[in-house]
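Asker: output the structure for:
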Amino acid sequence: MASIQLEHVEKRFGDDVAVRDLSLDIADGELLVVVGPSGSGKSTVLRLIAGLEAPTAGRIRIGGVDVTDTPPQARDLAMVFQHYALYPHMSVRDNLAFGLRMRNVAAETIARRIEDVARSLGLTPLLDRRPGQLSGGERQRVAFGRAVVREPRAFLLDEPLSNLDPRLRGSTRAELALLHQRLGATMVYVTHDQEEAMTLGTRVAVMRDGAIEQVAPPTEVYRRPANCFVAQFVGNPAMNLLPGASWRMAAPQGLETPRSGLTVGIRPQDIALVGPDEGDTAGRVELIEPLGGTALAHVRVDGLPRQLVRVLLADDADIAVGARVGLRPRRDRLHFFNGSSGCRITATDESDGHGSD
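Answerer: Below is the predicted model:
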């Protein structure tokens with residue numbers, strides 16, 4: 001396995017900038033998930049690492065070696081795509097073996113690797129079937145197996161679970177996490193699904209408009225988002241963001257920005273609904289969405305006619321549409337952002353590891 005470094009990489013398509021001044025250090029054995037909305041540049045980053053696109057500027061290193069100008073076939077990387085790209089006329093066994101045969105690997109080595117990979121991925125009963133005889137989840141496991149059997153320096157995975165239904169996606173995601181644990185492999189995984197990012201990644205890189213907004217372990221991205229974009233993109237339901245002046249509370253000690261210049265963030269599960277005169281701000285319940293074991297209340301905040309605050313409730317909460325309510329956030333779960341730049345503001349009392357998180 002190998003580390004991967006991108007150093008001030010840029011990629012332009014004519015006048016369009018897909019990736020801008022991007023630097024990223026992926027450790028040997030790490031599973032880095034690159035997540036972001038459509039058009040954020042995440043798949044372009046993967047194609048640059050693979051050598052399928054050439055950077056307009058910057059350098060790419062694999063295992064410490066500059067591969068910026070190295071063709072894809074010489075980089076010893078395995079890609080798994082959204083579309084499985086299996087050969088329909090070949091058996092599972094032959095699909096797994098194809099890449100090794102093209103590299104003139106000895107037949108006994110091929111047989112041994114296929115046996116090992118098939119056993120670890122539960123493919124042994126399927127080896128003599130063709131792709132058309134497999135379910136979507138089975139085809140995806142074969143695509144993983146074809147990559148694993150090559151024993152590459154790193155794995156590049158581009159939205160590999162997006163074609164699966166939700167139940168299969170969850171089970172296959174768990175299989176992939178276990179596979180990473182067994183192999184100790186370097187993996188770069190691209191997705192638009194923040195749930196996949198948070199459950200799979202050793203670290204998560206959040207992208208927007210060709211740039212990285214934050215790179216950190218999943219819990220840090222969730223608990224200490226670097227800016228308003230990350231705060232709302234990561235987490236479901238999304239974090240609420242309100243102008244600081246709309247809350248009755250004072251800004252906490254250590255924040256030099258006046259309350260009028262703050263944006264205050266709070267996640268829906270960290271707000272309690274109380275009487276209209278008992279909270280830090282008040283409003284009217286506009287909608288209640290049942291979510292199974294919970295419900296999501298949408299509250300229109302007084303003085304902010306376009307602002308709806310989401311509050312997560314127990315499914316049997318005695319709250320009706322039209323009710324006047326107060327909103328009381330947990331003080332230790334508040335997040336503070338600069339109202340102009342959107343960047344996170346850190347209070348001095350956060351230095352002990354608690355603060356606004």
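Asker: give me the number of residues near the closest residue to W247 other than its chain neighbours?
Answerer: Nearest non-adjacent residue to W247, counting by CB to CB, 6 or more residues apart in numbering: D280, 4.6 Å away. All C-beta atoms are positioned from the backbone trio N, CA, C, and that covers glycine. D280: 19 surrounding residues under other CB atoms under 10 Å.
Asker: so D280 sits against V325, correct?
Answerer: No - using CB atoms under 8 Å as the test, D280 is too far from V325 to be in contact (11.9 Å).
Asker: which stretches in the stretch 51-200 of the chain count as strands?
Answerer: Secondary structure of the stretch 51-200 of the chain, counting by DSSP state E, counting those that start in this stretch: strands at 57-62, 65-66, 77-80, 154-158, 187-191.
Asker: switch the ones you listed over to a markdown table; also include mean neighbour count, mean pLDDT and distance to L32.
Answerer: As requested, these are exported to a markdown table (neighbours: other CB atoms under 10 Å; pLDDT from 0 to 100; distance: least, CB to CB, whole Å):
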| stretch | mean neighbour count | mean pLDDT | distance to L32 |
| --- | --- | --- | --- |
| strand 57-62 | 18 | 98 | 14 |
| strand 65-66 | 11 | 96 | 19 |
| strand 77-80 | 22 | 91 | 14 |
| strand 154-158 | 24 | 94 | 10 |
| strand 187-191 | 25 | 95 | 5 |
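Asker: among those, which comes closest to V234?
Answerer: Nearest of the strands of the stretch 51-200 of the chain to V234, taken as CB to CB: strand 187-191 at 12.3 Å.
Asker: who does that closest one touch, helix- and strand-wise?
Answerer: If you count contacts as 3 or more CB pairs under 8 Å, 6 or more residues apart in numbering; DSSP states H and E, strand 187-191 packs onto strand 31-35, helix 42-50, strand 154-158, helix 194-200.
Asker: to G339, which of the ones you listed lies closest?
Answerer: Using CB to CB, those put helix 194-200 closest to G339, at 24.5 Å.
Asker: which helices and strands does that closest one pack with?
Answerer: Helix 194-200 is packed against strand 31-35, helix 166-183, strand 187-191, helix 218-223, with contacts defined by 3+ CB pairs under 8 Å, 6+ apart.
Asker: could you find the closest non-adjacent residue to E151?
Answerer: Among residues not flanking E151 along the chain, R113 sits closest, at 7.3 Å (CB to CB, 6+ apart).
Asker: and what of S38?
Answerer: Using CB to CB, 6+ apart and skipping the chain neighbours, the partner closest in space to S38 is H192 (6.2 Å).
Asker: what does stretch 46-57 contact?
Answerer: 4, 6, 8-12, 19, 34, 44, 60, 62, 67-72, 75, 77, 79, 156, 158, 188, 190 (CB atoms under 8 Å, 6 or more residues apart in numbering).
Asker: just want the angle from the lowest-mean-pLDDT helix or strand in the chain to strand 154-158.
Answerer: When the helices and strands of the chain are compared on mean pLDDT, DSSP states H and E, helix 166-183 comes out lowest with a mean of 84. For helix 166-183 against strand 154-158, the angle by axes from the mean of the first three to the mean of the last three CA atoms, to 10 degrees is 170 degrees.
Asker: neighbours of L291, just the number please.
Answerer: For L291, the neighbour count with other CB under 10 Å is 12.
Asker: tell me who's in contact with it.
Answerer: By CB under 8 Å, 6+ apart, L291 lies in contact with D315.
Asker: and V117, by the same measure?
Answerer: Going by CB under 8 Å, 6+ apart, V117 touches L96, L123, G145, V148, V149.
Asker: try V325
Answerer: Contacts of V325 were listed using CB under 8 Å, 6+ apart, and they are L273, V274, G275, P276, G279, A282, G283, R284, V285, V299, I319.
Asker: what would those residues look like in a markdown table with neighbour count, pLDDT and distance to G170?
Answerer: Converted to a markdown table, the contacts of V325 look like this (neighbours: other CB atoms under 10 Å; pLDDT from 0 to 100; distance: CB to CB, whole Å):
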| residue | neighbour count | pLDDT | distance to G170 |
| --- | --- | --- | --- |
| L273 | 21 | 95 | 31 |
| V274 | 14 | 94 | 36 |
| G275 | 11 | 93 | 40 |
| P276 | 16 | 92 | 40 |
| G279 | 20 | 90 | 37 |
| A282 | 19 | 92 | 39 |
| G283 | 25 | 94 | 35 |
| R284 | 15 | 96 | 37 |
| V285 | 18 | 97 | 32 |
| V299 | 26 | 97 | 31 |
| I319 | 16 | 91 | 31 |
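Asker: can you put the residues you listed in a markdown table and add distance to V105?
Answerer: Shown next, in a markdown table, are the contacts of V325 (distance: CB to CB, whole Å):
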| residue | distance to V105 |
| --- | --- |
| L273 | 63 |
| V274 | 67 |
| G275 | 72 |
| P276 | 72 |
| G279 | 67 |
| A282 | 69 |
| G283 | 66 |
| R284 | 68 |
| V285 | 65 |
| V299 | 62 |
| I319 | 64 |
